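Engineer: Here you go, sequence then predicted model.
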Amino acid sequence: MTSIETAPAETSAATFTSLNPANGEVVGTHPIHDAAHVQATVASVRKEAERWRALGFDGRKKALAAWRKVIAHRLDELASLMSRENGKPHGDALLEASLAIDHLAWAGSHAEKVLKRRMVSPGLLMVNQAATIEYRPLGVIGVIGPWNYPVFTPMGSIAYALAAGNGVVFKPSEFTPGIGEWLAATFKEAVGHGVFQVVTGYGETGAALTTSGVDKVAFTGSTATGKRVMAAAAATLTPVVIEAGGKDAMIVDADADIAEAVDSALWGACGNAGQTCAGVERVYVHDRVYDTFLEQLVTAAEKVKAEPGGQLGPITMPSQVEIIRRHIDDAIARGGRAVVGGPVPEGARYVQPTVLVDVPEDSAAIQEETFGPTVTVTRVKNMDEAIRLANGTPFALGSTVFAKDKGMEIAEQLRAGMTAINSVISFAGIPTLPFGGVGQSGFGRIHGADGLREFTYPHAIARQRFRPAIELTSFRRTDKAEQQLVKVIKGLYGRGKK
Ligand code: NAD
C-alpha cells in the first residue's frame, strides 16, 4: 500500500484544498478566512439574525422545512460529496445525511413547543404573582465541527440553534470544508437568508470564531481542542458546548442475544472505519458467553474489508493512522492478541477491522480514544465487574448493553450521556433524546428539548397580579408581617418530628 498525503494542503496564503482521502485527489479549494473576515461574517449574521428572530417560530419552521426539502431532494449529491471529501462509503453518507434531515425536521417543528413562554407555579409565598418562563435566542452561535460526521454532527448544533432563533456561523473541519459550504449554499438557496454562513480554514479560523464575540460556541471535536476552545472562550465569558471524544463500552450479559450483540459490536466498532465519537471501542462479555461471542465476532469481522468500494472507507485523517497503530502495537506488546487484523502496515490509508483480546485495562487501547476500526473484547465474571470496567476511563459519552433481563438495571449504573440497550448508537437517531457526554467527553447537549434550550437563555418573568397579603419585599414590611411569615413557614415546613 502506498502512502498518500491527504492532509489539507495550503496552496497559497489565502486558500487551501480538501483532498479525497482514498486517492489524494483534490476535491475543492477554499479560502483560509482570517480573524477580520470571521468578525465581519459574525457581524453580518448578527444583523440577519434580527430578521430571522422576527420571523417567529412559525416563520422559522417554514424556512427550515424549505431547507430540509432541498437537502432531501439533493441527498445523493450531498452523499457523493461526503464520500469524496470524507472517504466514507456512499451508503454510510446517505444514512448520515438522512438522520441529519430528521433532526432538522424535529428541531424546526418542536422549537415553539419547547421554547415558547409558559406559566409555572409561583409557589405559596408568591401566590399573588403570575410566573412565566420563555427561552430566548442567544444571538449568534459559532459552530466548530469535526470531519468524521461532517453533516450529522454540526447539524445537531446548526439546526437546533437556528430553530431557536439564533444566527449561525459554521467553521467546518479543514478536512471537510466543501460539505460545510454545501450546507450554507443550500440554506441560502432554500431560505434566501444570510442567517447561516460558513467560514473555512484551519484551527486558527476556529480560534478566531471562538473569540469573535459570538454569543456561544458549539464545539465538536477532540478533547484536547475542546479544552483550548474553552480556555479561549473564558476570556470573554462566552459559554461553550463541548462535544468531545469518547471511549464507549458495550456490555454483553449471559442472557443476551449473542448474534445481535456481535452484529452491533462489529458495526459499532467498525462503521465509518471506526471514526465515530460514540463508536464501540471496548466490549465486556460475561464469562458464560464470552467464547461464543468472540468466535462469532471473529467470523463476522473477517468478512468486513476496508478497501476502495468496500464496507469500510479509508482513515480520513492521515495522522490518525499513527494513533491506531500505536494502540494496536501497545496492546500486543503488553500481552494482548489480535484475533482479527493486527499491526497496521506502514503507509496504510485503510485500516482493517481489528479485534484485540487479553488487553490490560490500563493500556492505551482501553484508556484512550482510538478512532479506528478496532475493538477490545474482555471477559468478565459478572455484570458488576463489567460496569466497573466500562466506567473506568475518563471519557463518558455513549454506551451499549446487550441483555434480556437486566438491560435497564445495567444501563442505570453506567456513567455515560447515552445508553443503547439491545441496539447500537440508536440514541443518536432519536431526535427527542439529548446527545452529549460527561467528564472528558465534554458537556452540554445537542438534540431534543435540551438541545434547543442549549442555544437559548431562560427569561423568567414574575408579574404581580394583586398586592400580597403579607408584604415582604418592601420597607413597609411590618413586624406583624414577619411574624406571619414565620408562622406560614413553620406551618408549611416545620411540622412533624425533628
Ligand atoms: P479536532 O479537535 O482536531 O478539530 C475539530 C475542529 O476544531 C476543526 O474544525 C478544527 O479546525 C477546529 N480547531 C482546531 N484547533 C482549534 C482552536 N484552537 N480553536 C478553535 N477551533 C479549533 O477534531 P477532529 O479530528 O476534527 O474530530 C474528531 C474528534 O471529534 C474525535 O475526538 C471525536 O470523538 C470527536 N467527536 C465528538 C462528537 C461528539 O458529539 N461528542 C462527535 C463527532 C466527533
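Structural biologist: Here it is on my side, so go on.

Engineer: CA atoms for contacts and neighbours, from now on please.
Structural biologist: Fine.

Engineer: hang on, residue 98 in a helix?
Structural biologist: Yes: under DSSP: H, G, I helix; E, B strand; the rest coil, residue 98 falls within a helix.

Engineer: what sits against it?
Structural biologist: 72, 75 (C-alpha atoms under 8 Å, 6 or more residues apart in numbering).

Engineer: Could you check how far it is from residue 87?
Structural biologist: 17 Å (C-alpha to C-alpha, to the nearest Å).

Engineer: do the same with residue 333
Structural biologist: On the measure of C-alpha to C-alpha, residue 333 and residue 87 end up 31 Å apart.

Engineer: For those two, work out which one has more neighbours and name it.
Structural biologist: The residue with more neighbours, out of residue 333 and residue 87, is residue 87; 26 against 11, by other C-alpha atoms under 10 Å.

Engineer: For that one, give me phi and psi.
Structural biologist: phi 100, psi -10 (degrees, to the nearest 10).

Engineer: Hmm, it is touching residue 311, no?
Structural biologist: No: using C-alpha atoms under 8 Å, residue 87 makes no contact with residue 311, being 11.3 Å away.

Engineer: what bits of this protein have low per-residue confidence?
Structural biologist: 1-13 (pLDDT under 70).

Engineer: Quick one: the helices in the stretch 1-150 of the chain, in order.
Structural biologist: 35-54, 56-73, 75-86, 90-115 (DSSP state H, counting those that start in this stretch).

Engineer: want to throw those helices into CSV with distance to the ligand?
Structural biologist: Shown next, in CSV, are those (distance: least, C-alpha to the nearest ligand atom, whole Å):
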stretch, distance to the ligand
helix 35-54, 12
helix 56-73, 21
helix 75-86, 11
helix 90-115, 12
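
Engineer: how deep is the closest residue to the ligand within the stretch 251-400 of the chain tucked in, by neighbour count?
Structural biologist: Going by C-alpha to the nearest ligand atom, the ligand is nearest to residue 277 of the stretch 251-400 of the chain, at 3.5 Å. Residue 277: 25 surrounding residues under other C-alpha under 10 Å.

Engineer: so who does the closest residue to residue 397 other than its chain neighbours touch?
Structural biologist: Leaving aside its sequence neighbours, residue 397 sits nearest to residue 437 (C-alpha to C-alpha, 6 or more residues apart in numbering; 4.2 Å). Taking C-alpha under 8 Å, 6+ apart, we find residue 437 in contact with 243, 244, 395, 396, 397, 398, 416, 417, 418, 443, 444, 445.

Engineer: Just the buried subset of those, please.
Structural biologist: Buried members of these, counted by 16 or more other C-alpha atoms under 10 Å: 243, 244, 395, 396, 397, 398, 416, 417, 418, 443, 444, 445.

Engineer: Does the fifth one touch residue 438 like I think?
Structural biologist: Yes: with contacts defined as C-alpha under 8 Å, residue 397 counts as touching residue 438 at a distance of 6.4 Å.

Engineer: Can you check which residues contact both of the two?
Structural biologist: 416, 417.

Engineer: if I read this right, the residue of the stretch 251-400 of the chain closest to the ligand contacts residue 245, doesn't it?
Structural biologist: Yes: under the criterion of C-alpha under 8 Å, residue 277 makes contact with residue 245 at 5.5 Å.

Engineer: any shared contact partners between those two?
Structural biologist: residue 397.

Engineer: returning to what we had before: can you tell me which of the buried ones among the contacts of residue 437 are in strands?
Structural biologist: Counting by DSSP state E, those place 243, 395, 396, 443 in strands.

Engineer: The ligand next: which of the residues you listed are close?
Structural biologist: Taking C-alpha under 6 Å from any ligand atom as the test, the ligand is in contact with residue 243 out of these.

Engineer: Show me the domain layout of this protein.
Structural biologist: 15-244+447-457, 249-430 (automatic domain parsing).

Engineer: now the helices for the stretch 151-300 of the chain?
Structural biologist: According to DSSP H, counting those that start in this stretch, the helices that the stretch 151-300 of the chain contains are 152-163, 177-191, 203-210, 223-234, 258-270, 287-302.

Engineer: Make CSV out of the ones you listed and add distance to the ligand.
Structural biologist: Formatted as CSV, these follow (distance: least, C-alpha to the nearest ligand atom, whole Å):
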stretch, distance to the ligand
helix 152-163, 6
helix 177-191, 9
helix 203-210, 3
helix 223-234, 4
helix 258-270, 13
helix 287-302, 23
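
Engineer: Dump these to TSV, plus mean neighbour count.
Structural biologist: TSV is the format used below for these (neighbours: other C-alpha atoms under 10 Å):
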stretch	mean neighbour count
helix 152-163	28
helix 177-191	20
helix 203-210	22
helix 223-234	17
helix 258-270	23
helix 287-302	17
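
Engineer: Enumerate the residues of the stretch 351-498 of the chain near the ligand.
Structural biologist: residue 436.

Engineer: From residue 31, how far out is residue 219?
Structural biologist: Applying C-alpha to C-alpha to residue 219 and residue 31 gives a distance of 21 Å.

Engineer: which of those two has more neighbours?
Structural biologist: Neighbour count, other C-alpha under 10 Å: between residue 219 and residue 31, residue 219 has more, with 27 against 17.

Engineer: Verify the stated contact: that one with residue 141.
Structural biologist: No: in this structure residue 219 lies outside contact range of residue 141 using C-alpha under 8 Å: 10.2 Å.

Engineer: How many residues are close by residue 110?
Structural biologist: Residue 110, neighbours per other C-alpha under 10 Å, totals 19.

Engineer: do the one 5 residues further on as well
Structural biologist: Counted with other C-alpha under 10 Å, residues neighbouring residue 115 total 22.

Engineer: Chain neighbours aside, what residue packs nearest to it?
Structural biologist: residue 135 (4.9 Å).

Engineer: Please look at the one you found and residue 459 and confirm they touch.
Structural biologist: Yes: using C-alpha under 8 Å, residue 135 is in contact with residue 459, at 6.0 Å.

Engineer: Compare these two and say which is more crowded by neighbours.
Structural biologist: Ranked by neighbour count (other C-alpha under 10 Å), residue 135 and residue 459 place residue 135 first, with 23 against 11.

Engineer: List the contacts of the more buried one.
Structural biologist: Residue 135 neighbours (C-alpha under 8 Å, 6+ apart): 115, 116, 117, 453, 456, 457, 458, 459.

Engineer: The third one contacts residue 136, correct?
Structural biologist: No: at 9.4 Å, residue 117 does not count as touching residue 136 under the criterion of C-alpha under 8 Å.

Engineer: neighbouring strands for the one helix or strand residue 339 maps to, and are they parallel or not?
Structural biologist: Here residue 339, judged by DSSP states H and E, is contained in strand 337-340. Applying DSSP bridges, strand 337-340 is found paired with strand 354-357 (antiparallel).

Engineer: what's the offset of the strand it pairs with from the middle of its chain?
Structural biologist: Centroid separation between strand 354-357 and its chain, computed with C-alpha atoms, centre = their mean, to the nearest Å, is 26 Å.

Engineer: and if you look at stretch 210-221?
Structural biologist: Using C-alpha atoms, centre = their mean, the offset of stretch 210-221 from its chain centre is 15 Å.

Engineer: Quick one: residues in contact with that stretch.
Structural biologist: So stretch 210-221 is contacted by 35, 38-39, 42, 138-146, 153-154, 157, 226, 229, 232-233, 236, 238-245, 455 (C-alpha under 8 Å, 6+ apart).
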